[in-house]
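Undergrad: any chance you can model this:
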Amino acid sequence: MTEQTPPSADDDELIDATQASREEFQGRVQPGTLATWRTVARGQPLPFVSVGRQRLYRRGDIRRFIAESTRLRAAK
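TA: Alright, predicted model coming up:
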């Protein structure tokens, strides 16, 4: 069971994949990986918002995705 992440003032801010990669994943995840996670995620998909041809992410959704994806030990 995961702990709830306390809400932050910027949770509703919409950011693009490049900004999400750089700021929320500290550059460790490529923007293309986010596209994969939103469409073929194992477990919980990464929520996104479509604005025209852009795919945007709420900071709060990314933070929840990270928290829910955190494992304490390897699966058997």
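Undergrad: going by C-alpha atoms from here, please, whenever you check contacts or count neighbours.
TA: Fine.
Undergrad: give me the number of residues near the closest residue to residue 45 other than its chain neighbours?
TA: Excluding the flanking residues, the one nearest residue 45 by CA to CA, 6 or more residues apart in numbering is residue 38, at 5.1 Å. For residue 38, the neighbour count with other CA atoms under 10 Å is 16.
Undergrad: so which helix or strand takes in residue 38?
TA: In this assignment (DSSP states H and E), residue 38 forms part of helix 31-40.
Undergrad: and after that helix, which helix or strand comes next?
TA: With elements assigned by DSSP H and E, the helix or strand that comes after helix 31-40 is strand 49-51.
Undergrad: got the confidence number for residue 6?
TA: As summarised for this prediction, residue 6 has a pLDDT of 66.
Undergrad: residue contacts, residue 31?
TA: By CA atoms under 8 Å, 6 or more residues apart in numbering, residue 31 lies in contact with 17, 18, 20, 21.
Undergrad: in strands only, show me those.
TA: Within the contacts of residue 31, membership in strands is found for no residue, as judged by DSSP state E.
Undergrad: narrow those residues to just the buried residues.
TA: 17, 18, 20, 21 (16 or more other CA atoms under 10 Å).
Undergrad: need the contacts of residue 31 in JSON lines (columns: distance to residue 56 and pLDDT).
TA: Output for these, formatted as JSON lines (distance: CA to CA, whole Å; pLDDT from 0 to 100):
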{"residue": "17", "distance to residue 56": "7", "pLDDT": "95"}
{"residue": "18", "distance to residue 56": "10", "pLDDT": "96"}
{"residue": "20", "distance to residue 56": "9", "pLDDT": "95"}
{"residue": "21", "distance to residue 56": "12", "pLDDT": "95"}
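Undergrad: so of these, which ones are in helices?
TA: 17, 18, 20, 21 (DSSP state H).
Undergrad: quick one: low-confidence residue ranges for the protein.
TA: 1-7, 41-43, 74-76 (pLDDT under 70).
Undergrad: closest to the centroid, which residue in it?
TA: residue 62 (2.7 Å; CA atoms, centre = their mean).
Undergrad: measure how the helix or strand that contains that one sits relative to helix 31-40, angle-wise.
TA: Secondary structure from DSSP H and E places residue 62 in helix 59-69. Computed by axes from the mean of the first three to the mean of the last three CA atoms, to 10 degrees, the angle separating helix 59-69 from helix 31-40 equals 70 degrees.
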